[in-house]
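# can't give you the sequence, but here's the structure:
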């Protein structure tokens, strides 16, 4: 039954194995969009709100976002889409990061100091750190294997979308669990979800298919975070008059976090664990990079 349901679901969302940007379609979407909004996937590159404040791109006004009960401006495209409504033309862009690099960066960014007395505090508490993750904070391998580690498959989850209110960049593990439990029940057509939710997500291809479909339907452009200047150069050229003030050279470049010391054997083991725990993110990243590589070639002379 599950295989039959997934096959029907995949056919219904009509996601091609290889997707290519249509430059004509991208340019037309940018031309007629009233708002061009960035979706920030944490540890995939932060784009300053100054782009909006300085009129470099037409963004959703903060007062309008606040009226919908949202703050944390970048982190949930679906909530912003629902806030604006279909009557307003809004499109999104985002940056991805190779999954092993992203997961390692998340750990290295917060370690040490993410936990106190065995519990997450401050920003880590809003970045899906759980008590179990804190118990394994000093051992990267055990941290990766923590059953309720919500860092895994975060890119796929965010592009899939999760309706929320409040700070869209700081969602507690409890709220995340409640949302994804309901999603898994709907996709798997059953009353209860067995096992840890992050593991269930990792084995739910319906979530990946929906994320790919959302990219095609609601995102005008995406790229790799370590090519951020080139990405904004291409976006500027495609958006034309709507991005006259955009200065790609001044976009903040991502920095690699310091890394915890590992032996070669430990690094190989941990990288393999990350791949196993981020099946959806790995496939989404590889799929999303195909059109990005093609568009880079087409703009190689303009945006080297």
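Perfect, thanks for sending it. If you're wondering where the values come from, they're calculated on a predicted model, not measured in any experiment. Residues are numbered from 1 along each chain as shown.
# in the strand or helix carrying residue 201, what counts as buried?
Using DSSP states H and E, residue 201 sits in helix 197-202. Under the neighbour-count criterion of 16 or more other CB atoms under 10 Å, helix 197-202 has 197, 198, 200, 201, 202 buried. For every residue, glycine as well, the C-beta is placed using N, CA and C.
# Averaged pLDDT, that helix. What do you get?
Per-region confidence: helix 197-202 scores 91 on mean pLDDT.
# what do you get for stretch 117-132?
Stretch 117-132 shows a mean pLDDT of 76.
# what do you get for stretch 291-304?
95.
# switch to numbering from 740
Understood, numbering begins at 740; the last thing we discussed is stretch 1030-1043.
# Now find how far off-centre it is within its chain.
What separates the centre of stretch 1030-1043 from the centre of its chain is 22 Å, taken as CA atoms, centre = their mean, to the nearest Å.
# Run through who's touching it.
758-760, 762, 960-963, 966, 969, 972-973, 976, 987 (CB atoms under 8 Å, 6 or more residues apart in numbering).
# hmm, which of those residues are the buried ones?
Buried subset of the contacts of stretch 1030-1043 (neighbour count, 16+ other CB under 10 Å): 760, 960, 961, 962, 963, 966, 969, 972, 973, 976, 987.
# Any chance of a markdown table for these, columns pLDDT?
A markdown table is the format used below for the buried ones among the contacts of stretch 1030-1043 (pLDDT from 0 to 100):
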| residue | pLDDT |
| --- | --- |
| 760 | 93 |
| 960 | 97 |
| 961 | 97 |
| 962 | 96 |
| 963 | 96 |
| 966 | 95 |
| 969 | 96 |
| 972 | 96 |
| 973 | 97 |
| 976 | 96 |
| 987 | 92 |
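# Which one of the residues you listed is nearest to residue 876?
residue 963 (29.3 Å; CB to CB).
# what about stretch 767-787, how long is it end to end?
Distance across stretch 767-787, first residue to last, is 25 Å (CA to CA, to the nearest Å).
# taking the mean pLDDT, what do you get for that stretch?
For stretch 767-787, the per-residue pLDDT averages 88.
# For that stretch, buried residues please.
768-769, 772, 774-786.
# quick one on the thing from earlier: tell me what the helix holding residue 940 is packed against?
In terms of contacts (3 or more CB pairs under 8 Å, 6 or more residues apart in numbering; DSSP states H and E), helix 936-941 is packed against helix 912-927, helix 1018-1037.
# could you redo the last one with a cut-off of 7 Å?
helix 912-927 (3 or more CB pairs under 7 Å, 6 or more residues apart in numbering; DSSP states H and E).
# what about the helix it packs on, distance to the chain center?
17 Å.
# Against which helices or strands is it packed?
In terms of contacts (3+ CB pairs under 7 Å, 6+ apart), helix 912-927 is packed against helix 936-941.
# Just the closest of the buried residues of stretch 767-787 to residue 878, please.
residue 782 (20.3 Å).
# Hmm, that closest one is touching residue 843, no?
No: if you go by CB atoms under 7 Å, residue 782 and residue 843 don't touch, sitting 9.0 Å apart.
# Just want the angle from whatever helix or strand comes next after the helix holding residue 940 to helix 1018-1037.
If you walk from helix 936-941 toward the C-terminus, the next helix or strand you reach (DSSP H and E) is helix 944-957. Angle, helix 944-957 to helix 1018-1037, by axes from the mean of the first three to the mean of the last three CA atoms, to 10 degrees: 30 degrees.
# and the angle for the following helix or strand past helix 944-957 with helix 1018-1037?
Next helix or strand after helix 944-957 toward the C-terminus (DSSP H and E): strand 958-963. Counting by the same axes, to 10 degrees, strand 958-963 lies at 90 degrees to helix 1018-1037.
# Excluding its own residues, what touches the helix holding residue 940? List them.
886-889, 891-892, 896, 916, 919-920, 923, 932, 946, 1016, 1018-1019 (CB atoms under 7 Å, 6 or more residues apart in numbering).
# Sweet, I'm off.
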